[in-house]
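1. What follows is a protein structure lacking sequence information:
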């Protein structure tokens, strides 16, 4: 596995791992790429629907040539303070930062002289840039702002809501572990529940859409393929880093139809996984013989590489949604089709994933299986509703 880019470069180019590239964590990189890819697909679909007349623009007044405001200078100075203080501290304690960036980034550790210098520098540059572009008479302009022009803001709302929701649902499912180490659990890069991220991310985006009077159903249809694409990219990070989202023990022989594929596509011990701990599920991890690197643990028994399977399944889901998106004319129907597809995908993959199970009316089900059943019901009811609404509108 490749817990950070130094291990990835070792596999690709033969360079030694545990160098300065270690600061670039594989899971974090693909998480960022997931949001970037999702935002790009969302932007393309929102712009296409705007061209079809499903969205309208709003007129916004902007002023050019005026001095920087106090809030603009203060916000940028705060950014400079964080970058300067954290960056210099990380450089002075590079060994600790390379091993665990979150322990510095998400803490109160700071090099205060560098922080103050960074605040003065960035705040001063903000003032200077505005002063350089000043005009004797600031010009007022009115521009048209379309929903697809707000993608960066929507993505930010989705990211904050999604990450908080994913972490909250994971904590709920692993309450005992959270109580033993609350700070470590909160700062851990792993432990993100997909449905938690989906639900709270959805609430955050709907809130933003309502506040800005953006129609929900066309927006939901636009985001459906974006969510599938983003989730698939995110799971690449899970597979490459070995973040613990793997499957149950698999000691069965590889099927004949998979004979042309590497063995790790059927069962993997996730060598050099990012957890780097003996206490892993569903089996403990053991040291790799002869390994002297920072990440030298692997599972004691092979498991199903479920993140890989989810990448393939979400590629199929994305392909279906992208193929039919222009053919479906009922607003909202594509979104409910997406809910049905991910409900099936997640319900199936849960059968071979490591999960906490709950007793639901005598049936052992994981949190994701329970939500999958609920999502399937929502997708059916929602599809019927938007279909009937569309028919009534056409008759009217």
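-> Arrived safely, thanks for sending. Since we're looking at a predicted model, the values are computed, not measured.
2. May I see the domains of the chain written out as residue ranges?
-> The chain breaks down by automatic domain parsing into domains covering 5-57+147-260+306-395, 61-143.
3. Deepest-packed of those domains, please.
-> domain 5-57+147-260+306-395 (a mean of 18; mean count of other Cβ atoms under 10 Å). Glycine gets a C-beta too; all of them are placed from N, C-alpha and C.
4. And that one, how far out from the chain middle?
-> How far domain 5-57+147-260+306-395 lies from its chain's middle: 8 Å, per Cα atoms, centre = their mean, to the nearest Å.
5. Show the end-to-end separation of it, please.
-> 58 Å (Cα to Cα, to the nearest Å).
6. element containing the residue nearest to residue 328 when sequence neighbours are not counted, please.
-> Leaving aside its chain neighbours, residue 328 sits nearest to residue 334 (5.1 Å; criterion: Cβ to Cβ, 6 or more residues apart in numbering). Assessed by DSSP states H and E, residue 334 sits inside helix 333-349.
7. who touches that helix?
-> 194-195, 198, 217, 220-221, 223-225, 227-228, 231, 306, 309-310, 313-314, 317, 320-321, 324-325, 328, 368-369, 371-373, 375-376, 378-380, 382-383, 386-387, 390 (Cβ atoms under 8 Å, 6 or more residues apart in numbering).
8. need the contact list for the nearest residue in space to residue 306 that is not next to it in sequence.
-> For residue 306, ignoring the flanking residues on the chain, the nearest one in space by Cβ to Cβ, 6+ apart is residue 247 at 4.0 Å. With contact set as Cβ under 8 Å, 6+ apart, residue 247 has these partners: 303, 304, 305, 306, 352, 353, 354.
9. Repeat the analysis, applying 10 Å as the threshold.
-> 267-268, 282, 302-309, 349-355 (Cβ atoms under 10 Å, 6 or more residues apart in numbering).
10. Ramachandran coordinates for it?
-> phi -100, psi -170 (degrees, to the nearest 10).
11. So in terms of bridging, what pairs with it?
-> residue 353 (DSSP bridges).
12. Check whether residue 62 sits in a helix, strand or coil.
-> Using DSSP: H, G, I helix; E, B strand; the rest coil, the structure places residue 62 in strand.
13. can you pull the contacts of the closest residue in space to it that isn't next to it in sequence?
-> Closest residue to residue 62 apart from its sequence neighbours, by Cβ to Cβ, 6+ apart: residue 141 at 5.4 Å. Listed by Cβ under 10 Å, 6+ apart, the contact set of residue 141 reads 60, 61, 62, 63, 64.
14. Run through the helices of the stretch 51-200 of the chain in chain order.
-> Shown for the stretch 51-200 of the chain, the helices assigned by DSSP state H, counting those that start in this stretch span residues 70-92, 94-99, 102-105, 112-132, 151-173, 175-180, 182-187, 194-211.
15. Mean pLDDT lowest where, among these?
-> Ranked by mean pLDDT, the helices of the stretch 51-200 of the chain bottom out at helix 182-187, which scores a mean of 58.
16. per-residue confidence at the nearest residue to residue 273 once chain neighbours are set aside?
-> Spatial nearest neighbour of residue 273, excluding adjacent residues (Cβ to Cβ, 6+ apart): residue 242 at 3.0 Å. You'll see residue 242 listed with a pLDDT of 95.
17. check which helix or strand covers the residue most central in space within the chain.
-> In the chain, the C-alpha nearest the mean C-alpha coordinate belongs to residue 31, at 4.5 Å (Cα atoms, centre = their mean). Here residue 31 is covered by helix 26-51, with elements defined by DSSP H and E.
18. before we move on, the earlier item: next one: the residue nearest to residue 273 from residue 7, what distance?
-> Going from residue 242 to residue 7 by Cβ to Cβ, to the nearest Å gives 10 Å.
19. Compute the distance between the residue nearest to residue 62 and residue 131, please.
-> From residue 141 to residue 131 the distance is 20 Å (Cβ to Cβ).
20. What of residue 270?
-> 55 Å.
21. what's near enough to touch the residue lying farthest from the centre of the chain?
-> Largest separation from the mean C-alpha position in the chain: residue 136, at 45.3 Å (Cα atoms, centre = their mean). Contact analysis of residue 136 by Cβ under 10 Å, 6+ apart lists residue 65.
22. Over to it: give its phi and psi.
-> phi -60, psi -40.
23. Which elements pack onto the helix holding residue 31?
-> helix 5-13, helix 151-173, helix 216-241, helix 306-324 (3 or more Cβ pairs under 10 Å, 6 or more residues apart in numbering; DSSP states H and E).
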